[in-house]
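A.B. asks: Dropping the sequence and predicted coords here.
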Amino acid sequence: MQSYQQYQDLLCRNQGRCLFGAPLDSEIGDMIAPEKQGAHFTYARYNHTFTPDDLRKDPVAAKTGLTLDNVDLIPFLNEFGTQYAKDNVHLDHLR
């Protein structure tokens, strides 16, 4: 799933005008383009890769890890996502 996600991210950055996103890798970089001729859309990518320290903040996540079918993680993910958005999503990324 992760390789599919990375491929889709690369395609969106290539076809659109990327306004925000972490570097894809050391060769491609972040592909952020203030202006881009022929862009079909604007694009911003917000990703967070959970670290062991992140998971230790929640007893359920610390015990089970992150799994797609674990509904007990919803409160942790909601709280974590809200804080991530406050820290990282800015109106100037969405111009």
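C.D. replies: Received the coordinates, thanks.

A.B. asks: care to break the chain down by domain?
C.D. replies: 1-47, 48-95 (automatic domain parsing).

A.B. asks: Redo those domains as a markdown table? Include mean pLDDT and mean neighbour count.
C.D. replies: Backbone N, C-alpha and C define where each C-beta goes, glycine included. Listed next are the domains of the chain as a markdown table, based on pLDDT from 0 to 100; neighbours: other CB atoms under 10 Å:
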| stretch | mean pLDDT | mean neighbour count |
| --- | --- | --- |
| domain 1-47 | 89 | 13 |
| domain 48-95 | 89 | 12 |
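
A.B. asks: Show me the strands in the protein, by range?
C.D. replies: Counting by DSSP state E, residue ranges of the strands within the chain are 17-20, 42-44.

A.B. asks: In TSV: these, plus distance to Tyr84.
C.D. replies: Output for the strands of the chain, formatted as TSV (distance: least, CB to CB, whole Å):
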stretch	distance to Tyr84
strand 17-20	13
strand 42-44	14
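
A.B. asks: right, and those - which one's nearest Asp87?
C.D. replies: Minimum separation from Asp87 across these (CB to CB) falls at strand 17-20, 13.0 Å.
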